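Trainee: Build me a model from this:
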Amino acid sequence: MNTRHNGEGRTKGSARHPVPVRAPEEGAQRKVRVTFYLAEVLVDELRDVTVALSGPPERLTLSQLVESALQREVQRLKRVHHAGGDFAKRTQELRPGRPIK
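Mentor: The predicted structure is shown next:
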């Protein structure tokens with residue numbers, strides 16, 4: 001397994017086996033590390049937005065920006081495909097690699 005020390009006595013797992021990188025605060029959701037590819041031009045723009053809004057009053061982080069965008073997209077997909085309801089829970093983990101054409 002590919003692990004790295006995170007400086008807090010715990011290790012970070014590979015993209016297939018995400019683990020928390022820090023203990024969540026009480027009532028907070030557990031955070032996991034996810035690795036995936038995005039278009040370089042999009043990542044560059046995301047970084048520009050994050051730097052521009054990193055100070056007061058927003059104090060935006062790249063993780064907050066991406067998490068917020070993904071939450072909005074999941075809600076949109078639920079409305080479009082499931083009348084706002086949840087998708088069925090998966091019965092197996094995602095397969096790594098390129099999607100089937």
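Trainee: show me what contacts Leu62?
Mentor: By C-beta atoms under 8 Å, 6 or more residues apart in numbering, the contact list for Leu62 reads 46-47, 50. (C-beta placed from N, C-alpha, C; glycine too.)
Trainee: Top of these by number of neighbours, please.
Mentor: Thr50 (17 neighbours; other C-beta atoms under 10 Å).
Trainee: And the helix or strand encompassing it, what's buried?
Mentor: Assigned by DSSP states H and E, Thr50 belongs to helix 40-52. Buried positions in helix 40-52, judged by neighbour count with 16 or more other C-beta atoms under 10 Å: Thr50.
Trainee: which other residues reach that helix?
Mentor: Helix 40-52 is contacted from outside by 38, 60-62, 65-66, using C-beta under 8 Å, 6+ apart.
Trainee: picking up where we left off before, dump the contacts of Leu62 to CSV, plus pLDDT and distance to Arg76.
Mentor: Shown next, in CSV, are the contacts of Leu62 (pLDDT from 0 to 100; distance: C-beta to C-beta, whole Å):
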residue, pLDDT, distance to Arg76
Leu46, 97, 19
Arg47, 97, 24
Thr50, 97, 22
